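A.B. asks: Predicted coordinates and the sequence they were generated for:
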Amino acid sequence: MKFSHMLALSAASILPWGNAAAHPAGPIVQVEGGAIEGASEGGVDSFKGVPFAAPPIGELRWRAPQPVRDWGGVRPATHNGNDCAQAPMPGESAPLGAALSEDCLYLNIWRPKGTTGNARLPVMVWIHGGGFVNGGASPTVYYGAQFARQAVIMVGINYRLGRFGFFAHPALTAENKDQGQLGNYGLMDEIAALKWVRRNIAAFGGDPAKVTIFGESAGGMSVNYLLASQQARGLFKGAIIQSGGGRSNLSGTRLRSADQPGQPSLERLGLNFAKANGIEGVDANALSQLRALPADKVVNGLNMWTMDAQADQYGGPIIDGIIVPESPDAAFVAGRQAKVPIIVGATEDDLGWIGATTKADVFAMFGSHDAAARKAFDPTGKADDQQVLNLVGQTRMMIEPARFVAKTIGNQGMPVFAYRFSYVARSMRAKWTRGAPHATDVPYALGTVVEKYGAAADSTDRAVGRTMNSYWVNFAKTGDPNGEGLPVWPRENGKGTGLMGFNRDGMIQFGPDPREDQLNLVEQAQAKLK
């Protein structure tokens, strides 16, 4: 389906405000902009497609998010709002369930049925993954009913993606209508959503002083950025980072205007994009032409599979000095991050790539530790090149950085809980022979195992989901994942010894990291492992 056709579907799916006959009666809540009417099912109230900012279209393309506009009557909130403009990725682990549009700054809320405004329940805000170019709040695997059934309100948010979310151009810098907030529009959206939650969640029965942010992949990276951002300070009291890296080799150190060796500025990439679309110059006329480009021209097929091919025209989040004052790892080392409890971890067969084509090239990157690297990553000497490339890549990109975050912040005396997810759904074991792939912990953490695997979810799959989701619920309520009926999860003490593992058989294990030798080698060689 073409992107333009998806826009047409979006417009056709809007229900008329105030028409009681158009939808069944549901719970009504007053929020900024007006009243919304949700739906109730299975002991849970849900409110979907709730605007948290004005549509970032027309003159608001590449502007900081602006206040919600008032609507008349009661706005139906029973269907997902648009997900953000993107080129959907084949084989997506969390298939989208909404139309795509630039008009996408919507969020979804789940709460226990009938919750009153004075309930003051803890709140979890979910930030989806997708490499900052894909994803949305609409997938059923991201629904929050299981949290609501345990007296936690869950909010799932959208944020602008791709060139809509991360873009710079000298003409935008010259316009500067938002006091220097330029480039990181997707991260600005996340902060705007958190501020909306702070101002509005009490109307749903939530406690605005008891918000936990959590996300996976780009969502986990977003949590790292939010921990480091002064603009997000005070908007959350806990954070969960699922496969979000933690070092600059993933988040990068790109700047808005200044080129660096091997890393052109976001403005230079924006100029390249403009030129490719026949737009020259750096004045207001050039900016008008850029804002007049159809949405599908701005997307131009950009997704996780095409990012490398479009690396000269798109760069993702940047260090902008305002939203992102410094790289998250620099903030963590200096102790300048938000001082909140943290859960951080990765999957056993997580995402990772490395700038080499043979295992001999990879081992050479370890320098004088070449022999130790061979012993750690290829003890029999019989592993094929791709197997070693995957193993070193995932260790460098996700698994060691998660340990870095846990040790660094744990050493500062903050409550930190580290995990490794190795469980593989029974129905997928013939396919996922190397272990739990990237993002496979998500349905277990969110309690949506059945939504993900359907009838193939067996009793062990569901039991692992109940356990992991219970840890997440407890963390939202108390800042500590431990609770009645669960194995005790020890805090990370700064020495990397507190790892909790969901093993391949669905059992919980604690103790030193079984991949400690690999992690130590990668830690020593991080700068060389490109």
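C.D. replies: Nice, I can see it.

A.B. asks: Which residue ranges of the stretch 51-200 of the chain form strands?
C.D. replies: 74-76, 83-84, 100-101, 106-112, 121-127, 153-157 (DSSP state E, counting those that start in this stretch).

A.B. asks: And the stretch 301-450 of the chain, by the same measure?
C.D. replies: Along the stretch 301-450 of the chain, the stretches classed as strands by DSSP E, counting those that start in this stretch are 342-347, 416-421.

A.B. asks: Redo the ones you listed as TSV? Include mean pLDDT, mean neighbour count and distance to residue 190.
C.D. replies: Bear in mind the C-beta positions are built from the backbone N, C-alpha and C, glycine included. Formatted as TSV, the strands of the stretch 301-450 of the chain follow (pLDDT from 0 to 100; neighbours: other CB atoms under 10 Å; distance: least, CB to CB, whole Å):
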stretch	mean pLDDT	mean neighbour count	distance to residue 190
strand 342-347	98	28	17
strand 416-421	97	25	22
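
A.B. asks: Distance to residue 153 added to those strands, as CSV?
C.D. replies: Shown next, in CSV, are these (distance: least, CB to CB, whole Å):
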stretch, distance to residue 153
strand 342-347, 19
strand 416-421, 22
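
A.B. asks: So which of those is nearest residue 136?
C.D. replies: Nearest of those to residue 136, taken as CB to CB: strand 342-347 at 21.4 Å.

A.B. asks: The closest one - contacts with which helices or strands?
C.D. replies: If you count contacts as 3 or more CB pairs under 8 Å, 6 or more residues apart in numbering; DSSP states H and E, strand 342-347 packs onto strand 238-242, helix 400-410, strand 416-421, helix 459-478.

A.B. asks: Could you dump the ones you listed into CSV and include distance to residue 313?
C.D. replies: Formatted as CSV, the helices and strands packed on strand 342-347 follow (distance: least, CB to CB, whole Å):
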stretch, distance to residue 313
strand 238-242, 29
helix 400-410, 27
strand 416-421, 35
helix 459-478, 38
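
A.B. asks: Ok, which of these comes nearest residue 158?
C.D. replies: Among the helices and strands packed on strand 342-347, strand 238-242 sits nearest to residue 158 (CB to CB), with 18.3 Å.

A.B. asks: so what's the backbone phi/psi at residue 384?
C.D. replies: Here is the backbone geometry of residue 384 (degrees, to the nearest 10): phi -80, psi 170.

A.B. asks: Just give me the neighbour total for the residue nearest to it when sequence neighbours are not counted.
C.D. replies: Leaving aside its sequence neighbours, residue 384 sits nearest to residue 359 (CB to CB, 6 or more residues apart in numbering; 7.9 Å). Residue 359 sits with 22 neighbouring residues when counted by other CB atoms under 10 Å.

A.B. asks: was I right about residue 359 contacting residue 383?
C.D. replies: Yes. Using CB atoms under 8 Å, residue 359 is in contact with residue 383, at 7.0 Å.

A.B. asks: Return every residue with contacts to both of these two.
C.D. replies: residue 377 (CB atoms under 8 Å, 6 or more residues apart in numbering).

A.B. asks: Next, the buried residues of stretch 78-88.
C.D. replies: Buried residues in stretch 78-88, defined by neighbour count with 16 or more other CB atoms under 10 Å: 78, 79, 80, 81, 82, 83, 84, 85, 86, 87, 88.

A.B. asks: same question, stretch 401-409
C.D. replies: 401, 402, 403, 404, 405, 406, 407, 408, 409.

A.B. asks: And for residue 234, the neighbour number?
C.D. replies: 11.

A.B. asks: no, scratch that, I was asking about residue 514
C.D. replies: 15.

A.B. asks: So it: helix, strand or coil?
C.D. replies: coil (DSSP: H, G, I helix; E, B strand; the rest coil).

A.B. asks: Once you drop chain neighbours, what's closest to it?
C.D. replies: residue 501 (7.9 Å).

A.B. asks: quick one, phi psi at that neighbour?
C.D. replies: Per degrees, to the nearest 10, the backbone of residue 501 is at phi -120, psi 130.
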